[in-house]
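**Student:** Any chance you could fold what I've pasted below:
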Amino acid sequence: MVADQQDLFSPPLPADNGATDADMADFCGHLIAHGWQTRREISAALGWDDRKIRLVAQALGGRVVRCQLGYKLTSSCDRNDLPHMRQAADAAGSQSALMRAYELAMRHAIHALVG
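**Tutor:** Model (predicted):
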């Protein structure tokens, strides 16, 4: 019996969050055409609600910069975008730390219940 070997060199696929390939293509196409876009601008252009915009951007992972300025394709960024890219990375790191602290608190609570 041969087990499938994990591809260690490809980026992991995003979790299935409901975003379709067509959604991701539409989102990327819009950003290619318009550069930085706010959620409101994307919503007006694509007819999507905030939740769908967040889900599609999340499914695209590091291919999209998500920051206070809005959304932009990473491949379209230049050196002038570095402060915004850093802000996005810092925000993700902060959120990650908060989620990790919550995970550890839950594991401690579970351990306290089951020993």
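**Student:** alpha carbons only for contacts and neighbour counts from here, please
**Tutor:** Fine.
**Student:** The residue lying closest to residue 69 once chain neighbours are set aside: neighbouring residues, count only.
**Tutor:** Distance criterion CA to CA, 6 or more residues apart in numbering; nearest residue to residue 69, sequence neighbours excluded, is residue 38 at 6.8 Å. Applying other CA atoms under 10 Å, we find 16 residues neighbouring residue 38.
**Student:** now swap in residue 74 and tell me
**Tutor:** The burial count assigned to residue 74 is 15, neighbours taken as other CA under 10 Å.
**Student:** what separates it from residue 25, distance-wise?
**Tutor:** Here residue 74 is placed at a distance of 15 Å from residue 25 (CA to CA, to the nearest Å).
**Student:** Over to residue 106?
**Tutor:** For residue 106, the distance to residue 25 - CA to CA - is 38 Å.
**Student:** What are the buried residues along stretch 63-76?
**Tutor:** Of the residues in stretch 63-76, 64, 65, 66, 67, 70, 71, 72, 73 count as buried by neighbour count, 16 or more other CA atoms under 10 Å.
**Student:** nope, stretch 38-54 is what I was after
**Tutor:** Buried residues in stretch 38-54 (16+ other CA under 10 Å): 38, 39, 42, 52, 53.
**Student:** Now do the same contact list for residue 84.
**Tutor:** If you count contacts by CA atoms under 8 Å, 6 or more residues apart in numbering, residue 84 has them with 65, 67, 68, 69.
**Student:** actually residue 36, not the one I typed
**Tutor:** 69, 70, 71, 72.
**Student:** how about CSV for these, with distance to residue 48, secondary structure and pLDDT added?
**Tutor:** Formatted as CSV, the contacts of residue 36 follow (distance: CA to CA, whole Å; DSSP: H, G, I helix; E, B strand; the rest coil; pLDDT from 0 to 100):
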residue, distance to residue 48, secondary structure, pLDDT
69, 19, coil, 95
70, 15, strand, 97
71, 14, strand, 98
72, 17, strand, 98
